[in-house]
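Engineer: Provided below for reference: sequence and predicted model.
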Amino acid sequence: MIYDTIIIGSGPAGLTAAIYAQRSEIKTVVLEKAPMSGGQVINTYEVDNYPGTPGISGFDLSMQFREHTEKLGTVFVNGEVKKFHIEDDIKVLTLEDGEEYRAKTIIIATGGVPRHLNVEGEEKYSGLGISYCATCDGAFFKNKVAAVVGGGDVAVEDAIFLSRVCKKVYIIHRRDEFRASKGNVSKLKAQANIEFVLDSVVEKINGNDIVDSIEIKNVKNEQTTTLDVDGVFIAVGYIPNTAIYKEIINTDEAGYIIADETCETNIPGVFAAGDVRTKKLRQIVTATADGASAVTAVEHYLNTL
Ligand SMILES: Cc1cc2nc3c(=O)[nH]c(=O)nc-3n(C[C@H](O)[C@H](O)[C@H](O)COP(=O)(O)OP(=O)(O)OC[C@H]3O[C@@H](n4cnc5c(N)ncnc54)[C@H](O)[C@@H]3O)c2cc1C
């Protein structure tokens, strides 16, 4: 069978694409490697910035998205896409069991995962004071003390953002200079409530029920210090799930599929939606917007065949 489109991934982008595809009567299947839909959202304790659902748990929001798509008749297959190639303009996806799925178009909505520090306490306090997304969770730390870990633009922007919400912000970076743009670093230096902790790495995150301190080591003099903090924002990079597409589809140096808000890639009939594509803001609302845009682009493409 040749589908009109195959959606890979059932996070916010993939599930929204499925809703739009069903309503457009596009013959679609969704391939999802996880046992449940929702992507990164499913493990999010609280989502307080998706319109119309203040304070909803990530699990409940994921279930609402999934139920909505199921109500419209979306077909889901549980399996991990392991290979991708193109035969005479038909896109062929192979699952881990060798089964092949073919379509005139595909929507890659495979998201990604934040890079971890892999230090003691990180797993235990994830969602209990540790966050990988200042835009998502910063508001929960109003008038508290937070630490941001990282030295790139995301870390620096997170620290500036948090300095407006928090009483005090530490920015911890393993080198003595930031990788972030000069403009961002100037803004960072202008914030009176941000303290720089340079040449330092986090060794351990402590707490009881929630985070209460972090242990850091200065890599130059080997001295260890403990900082009392309420929250730790880890911004040391993000790994997009694009490895199997890289040989065919253009990606940037960080691995994101190069596409704008039309979701079109360099390959006709291949679209990228959500966190997996190049963009400034990776949130549920921008991922769902992409899901809708990608299907519109699929419809235009199918009309040209
Ligand atoms: C801890 C945390 C908290 C967050 N909190 C918020 C918040 O409060 N508000 C907000 O707006 N945003 C929040 N975000 C960001 C938000 O979760 C993402 O922007 C959003 O989930 C992106 O959706 P997506 O559909 O593009 O990708 P994802 O959510 O990453 O979904 C991708 C899906 O693709 C599947 N997949 C991947 N590879 C394959 C494959 N090879 N084969 C089959 N399936 C595959 C995955 O299993 C997953 O289900 C948070 C992120 C994190 C990490």
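Structural biologist: All right, it came through fine.

Engineer: Up against the ligand, what does the stretch 51-200 of the chain have?
Structural biologist: 80-81, 109-112, 114, 132-133, 136 (CB under 6 Å from any ligand atom). For every residue, glycine as well, the C-beta is placed using N, CA and C.

Engineer: try it again with 8 Å
Structural biologist: Counting by CB under 8 Å from any ligand atom, the residues of the stretch 51-200 of the chain close to the ligand are 58, 79-82, 95, 109-114, 126-127, 131-133, 135-137.

Engineer: just the stretch 201-305 of the chain next, same as before
Structural biologist: 241, 244, 273-276, 282-287, 290-291.

Engineer: residues in contact with the residue in the stretch 201-305 of the chain that the ligand sits nearest to?
Structural biologist: Proximity of the stretch 201-305 of the chain to the ligand (CB to the nearest ligand atom) peaks at G274, 2.1 Å away. Residues in contact with G274 (CB atoms under 8 Å, 6 or more residues apart in numbering) are 9, 11-14, 109, 111, 282, 286-287, 290-291.

Engineer: where's the dip in pLDDT among the residues you listed?
Structural biologist: By pLDDT, R282 ranks lowest within these, coming in at 92.

Engineer: Leaving out chain neighbours, which residue sits closest to that one?
Structural biologist: Closest residue to R282 apart from its sequence neighbours, by CB to CB, 6 or more residues apart in numbering: D275 at 4.5 Å.

Engineer: what about the one you found, how many neighbours?
Structural biologist: D275 has 28 neighbours, counted by other CB atoms under 10 Å.

Engineer: what do you get for the one 3 residues further on?
Structural biologist: The burial metric for T278, expressed as a neighbour count using other CB under 10 Å, is 15.

Engineer: V211 now?
Structural biologist: By the measure other CB under 10 Å, the count of residues near V211 is 24.

Engineer: Might you report the residue contacts of it?
Structural biologist: Counting by CB under 8 Å, 6+ apart, V211 has contacts 121, 125, 128-130, 205, 229-232.

Engineer: Show me which pair in those is furthest apart.
Structural biologist: By the measure CB to CB, G121 and D230 form the most distant pair in these, at 14.2 Å.

Engineer: which residues does the residue nearest to G129 when sequence neighbours are not counted bridge with?
Structural biologist: Leaving aside its sequence neighbours, G129 sits nearest to V211 (CB to CB, 6+ apart; 2.8 Å). When assigned by DSSP bridges, V211 has beta-bridge partners G207.
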